[in-house]
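Enquirer: make a model of this:
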Amino acid sequence: MARSSLLAAAVLVGGALVITAAAPPAQAATVGATTPFTSYEAEVGTLGGGATTVALTAAPTTQYSSAALEASGHAYAHLAAAGQKVTWTNTTGKPISAIVVRASIPDAAGGGGITAGLNLYVDGAYRQALSLTSKQSWVYEGNNHYNDSADQNPADGNPRVFWDEAKAFISGTAIQPGATFALQKDAASTAAFYDIDVVDVENPAPISQPAGSLSITSCGAADNPNVDSTGPIQSCIDQAQSQGKVLWIPSGTFYLKGTGGLHANGITIAGAGPWYSTIYRAVPLPNPQPLGAVFDLTSCTVRDFHIDSNATSRATVDGAGGAMDTTGTNWVADDIWTQHTLSGFWASGTGGQVRNSRLTSIWADGINLNNVSLNSSAGNNLSATNNFVRGTGDDGMAINSVNYNTDSNGNRTYYTPMANASFTRNTIVAPWGGKGIGIYGGSGHDVEYNAISDTARYIGLGAGRFGVNGSDLLGATVSNNVVSRAGGNGYSQGQPALHIGNGGDGQNVGAVERVTAAGNTVVDSLYDGVGFSQSTNTQLLNNTVTNPGRNGVVIAPPFYPAATGSASITGNTVTGLKSGASAYLNNSAGFAATLSGNSWQGGSGPVQGPFGGTAAAIPGTVQAEHYDTGGQGLAYNVTSINGSGNGYRADGVDLESTSDTGGGYNLGWTSGGQWFRYTVNVATAGQYTVSARIAAPSAVTGALHIANASGANLTGAVNLPATGDWQAWGTATATLTLPAGRQVLTVMQDTGGWNLNSLQFTQGGTTPTPTNLAAGRPTAESSHNQTYGSGNVVDGNQGTYWESANNAFPQWVQVDLGSAKSATRVVLQLPATWGARNQTLTLSASNDGSAFTTVTASSTYTFSPTATITFPATTARYWRVTVTANTAWPAAQLSEFQVWN
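Expert: Got it, this is the predicted structure:
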């Protein structure tokens with residue numbers, strides 16, 4: 001956030017998720033966001049004067065909340081008498097000039113909250129009083145208000161929303177490294193008690209105004225709570241748009257005192273940093289009309305400021321409205337700190353990013369990436385990276401793909417399913433009313449290296465769909481996340497910490513398919529560690545469940561039915577079970593689970609297996625990126641992780657996009673001693689020629705050899721010619737003798753300095769070349785427009801193209817190879833002179849031209865002008881592309897449809 005502040009990261013230490021100082025570079029062993037602040041939990045501070053610790057010691061037996069359940073770490077320090085305090089030492093190595101206190105003080109007797117001071121001491125000397133409030137906390141669920149989040153009548157009982165966050169600059173000299181600082185209840189501290197959950201400390205510095213920018217103060221906005229700056233700021237936005245300037249929010253707090261918001265299109269809005277520049281919505285309460293967001297943004301960049309509001313509950317009458325509603329293309333939200341609004345980011349469009357931002361004390365969702373915001377119908381290639389979210393009243397972060405919405409007259413509006421959203425290295429702490437991360441529908445999503453902890457009521461990390469009108473979930477990767485102290489007893493359901501399947505929100509409908517959950521760590525779940533409801537083709541691979549509150553891995557846990565479904569459950573480890581609990585349970589006779597190598601089966605951990613579950617065929621081509629699954633030491637051995645193709649393989653290892661014929665990915669960053677294993681199925685015993693597609697700036701002597709499972713060198717040393725560049729491709733050949741049947745081959749990297757794209761095995765001594773099998777072959781189509789028939793996709797001319805009938809999705813085009821042939825990639829092109837566009841499509845194949853099998857599930861591809869689809873070797877005669885959406889034209893369009901061996 002602030003450019004010069006100390007960085008910190010969430011790490012797993014001794015089974016507990018803690019925030020510690022860390023260097024900026026993220027490593028595979030760390031999860032969560034790198035933040036400019038360091039967090040100190042109160043329960044691990046030094047308690048004095050009789051202060052006590054309150055902690056959750058057992059899973060809830062009631063559906064209602066408690067202060068400990070909603071606290072980070074499920075624990076806090078309780079100060080209830082004068083002289084009671086909690087003390088920490090500044091171990092950041094930097095001065096501390098700003099502090100955030102997450103605390104709870106009592107509600108007023110009749111509701112509505114109070115304000116009271118709590119004193120800050122530095123090295124034992126009084127420094128200043130910090131103002132805390134309960135005016136934006138304490139709602140009640142008793143008397144038929146369960147899950148209401150708006151009832152502020154204490155007489156109804158069963159309170160929730162105990163915690164709020166107050167921020168302040170340190171008066172006087174900054175707290176120096178090694179100094180102590182304490183929060184202490186004194187005689188002047190008028191609240192009956194002060195519960196302290198956590199403090200965040202940092203040393204922010206203001207950012208200078210960009211040259212040539214337009215300041216909102218030049219239009220009449222004022223740092224004054226008595227001035228409504230809505231009109232002046234909007235006027236400045238309009239001027240910045242017309243003049244092509246950056247809009248500047250200087251240091252100060254600028255108030256929006258009505259119910260209107262701010263609207264911007266295509267500009268940059270920047271502030272002096274979230275500790276310095278604030279836009280504050282102060283709606284007169286009670287508020288009689290629905291509120292839009294503070295900002296409605298289309299294709300904008302916003303950065304470095306704070307958004308706050310006076311909302312006292314989630315209800316419209318109490319002033320709840322969103323912070324930022326966003327859509328458009330390539331939008332960016334960077335270093336935005338949001339508090340007390342209905343939602344933080346409600347965002348759709350294409351290519352947008354939320355990054356380096358902070359969302360604390362939010363009434364509903366923190367970050368919701370969707371396909372409906374501001375009347376959009378798309379939500380593709382959206383991402384949220386390195387964000388910190390704490391204390392949300394709904395999901396901390398969500399990917400929310402809506403299939404349709406229905407208006408008051410019963411009319412439905414349909415939306416394009418979301419594709420390729422990603423959540424990476426975010427920290428989500430203590431959501432009191434929703435999941436940590438929810439994945440709801442769409443395809444191609446990637447959720448990895450996130451830290452999720454301390455959910456009060458619901459699932460920590462869930463992959464499924466949302467309600468009857470949500471999109472099906474047709475593919476997601478959930479890898480290397482840490483889920484700590486999660487799950488909950490919302491609606492008395494005892495929900496799991498990590499969940500895959502439909503029904504996650506009480507709607508047991510729709511499809512959840514092809515979710516891969518790999519390398520995740522689930523620690524101290526309140527109930528079951530991992531739960532499956534109805535879902536198909538799930539892979540649960542090499543996950544670790546430690547100290548589950550109930551069972552380890554459960555199919556069809558209570559309230560999550562799985563009447564049918566299928567999953568491959570491989571290499572998972574469950575430890576720390578309580579008496580009477582089970583490592584694995586399948587409560588559904590109709591759910592087919594294939595188990596191998598799990599700890600409860602006597603397995604010692606991860607197991608090696610072929611990529612995609614099917615051994616590569618020999619004769620045929622083995623793609624270098626299709627090395628086996630199973631992880632470091634089993635499927636591969638690498639000395640560093642440098643890969644940029646992480647969207648394809650979730651392990652982060654050694655992949656990059658290739659310029660070689662056919663596209664896809666190559667294996668890079670070779671180094672002596674590294675190796676990769678490939679499970680293959682050899683049709684006929686005999687001698688084979690292996691042709692390696694390689695790129696090497698300089699010739700490499702003794703670059704590699706191929707070994708069998710016993711380690712025998714099958715090829716001898718293979719020397720590589722110089723190709724001149726890392727992406728200039730040539731071929732090196734060798735011969736080897738192989739027995740028939742399934743076996744494992746290992747590519748041993750003996751000397752580095754080269755890239756590998758594929759290995760093609762042919763029987764005998766011939767050297768094959770990659771071939772476009774579709775060139776000049778017969779085609780078929782669902783329809784075509786004017787003269788743009790399907791024959792254009794195989795004519796070798798990128799300037800000609802097939803175009804389907806308009807406004808009639810889905811549409812398809814296919815090619816007949818003449819006989820069943822093995823392929824590993826399809827290359828699709830549009831004319832080189834066209835602008836980039838996204839098309840959502842499915843690749844399928846058939847041997848009879850009528851019964852087609854899905855090769856790759858529906859996903860959205862960017863054509864600029866080429867899109868490449870790679871997959872495990874598949875043998876078929878007929879290949880078909882079915883298009884369901886096109887962002888640039890209401891029809892399917894392809895100029896070349898290439899099928900490569």
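Enquirer: so how far is stretch 629-639 from its chain's centroid?
Expert: How far stretch 629-639 lies from its chain's middle: 24 Å, per Cα atoms, centre = their mean, to the nearest Å.
Enquirer: now stretch 238-253: average pLDDT?
Expert: For stretch 238-253, the mean pLDDT works out to 98.
Enquirer: for that stretch, which positions count as buried?
Expert: By neighbour count on 16 or more other Cβ atoms under 10 Å, the buried set for stretch 238-253 is 238, 240-241, 245-253. No exception for glycine: its C-beta is placed from N, CA and C like everyone else's.
Enquirer: repeat that for stretch 582-590.
Expert: In stretch 582-590, counting by 16+ other Cβ under 10 Å, buried: 583-586, 588.
Enquirer: may I have the distance across stretch 52-72, first residue to last?
Expert: This stretch, stretch 52-72, spans 16 Å end to end (Cα to Cα, to the nearest Å).
Enquirer: turn the buried residues of stretch 582-590 into a markdown table, columns for pLDDT and secondary structure.
Expert: As requested, those are exported to a markdown table (pLDDT from 0 to 100; DSSP: H, G, I helix; E, B strand; the rest coil):
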| residue | pLDDT | secondary structure |
| --- | --- | --- |
| Ala583 | 95 | coil |
| Tyr584 | 96 | strand |
| Leu585 | 95 | strand |
| Asn586 | 94 | strand |
| Ser588 | 92 | coil |
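Enquirer: just to revisit the earlier point, among the buried residues of stretch 238-253, which lie within helices?
Expert: 238, 240-241 (DSSP state H).
Enquirer: tabulate the residues you listed in TSV, adding columns for distance to Phe423.
Expert: Shown next, in TSV, are these (distance: Cβ to Cβ, whole Å):
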residue	distance to Phe423
Asp238	34
Ala240	31
Gln241	31
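Enquirer: closest one of those residues to Ala187?
Expert: Of all these, the one with the least separation from Ala187 (Cβ to Cβ) is Ala240, at 51.7 Å.
Enquirer: I'd say the closest one and Val246 touch.
Expert: Yes - counting by Cβ atoms under 8 Å, Ala240 touches Val246, with 6.9 Å between them.
Enquirer: overlap of the contact sets of those two?
Expert: Listed as contacting both Ala240 and Val246 by Cβ atoms under 8 Å, 6 or more residues apart in numbering are 214, 267, 269.
Enquirer: just among these, which is most surrounded?
Expert: Among those, Ile269 has the most neighbours (other Cβ atoms under 10 Å), with 27 neighbours.
Enquirer: that residue - that's part of a helix, no?
Expert: No - counting by DSSP: H, G, I helix; E, B strand; the rest coil, Ile269 is not part of a helix but strand.
Enquirer: that one and Arg303, how far apart?
Expert: 8 Å (Cβ to Cβ, to the nearest Å).
Enquirer: low pLDDT regions in the chain?
Expert: Residue ranges of the chain with pLDDT under 70: 1-29, 504-507, 604-606, 640-647, 650-652, 710, 765-769.
Enquirer: against Gly244, how distant is Asn400?
Expert: The value you get for Asn400 to Gly244, if Cβ to Cβ is used, is 34 Å.
Enquirer: what do you get for Gly391?
Expert: For Gly391, the distance to Gly244 - Cβ to Cβ - is 39 Å.
Enquirer: which ones among the buried residues of stretch 238-253 lie within strands?
Expert: 247-249, 252-253 (DSSP state E).
Enquirer: quick one, strands of the stretch 501-650 of the chain?
Expert: For the stretch 501-650 of the chain, strands defined by DSSP state E, counting those that start in this stretch occupy the ranges 515-518, 521-523, 530-532, 535-541, 544-546, 553-555, 565-570, 573-575, 584-586, 591-596, 616-618, 620-623, 636-637.
Enquirer: which one of these lies closest to Gln687?
Expert: Taking the strands of the stretch 501-650 of the chain one by one with Cβ to Cβ, strand 616-618 is closest: 12.0 Å.
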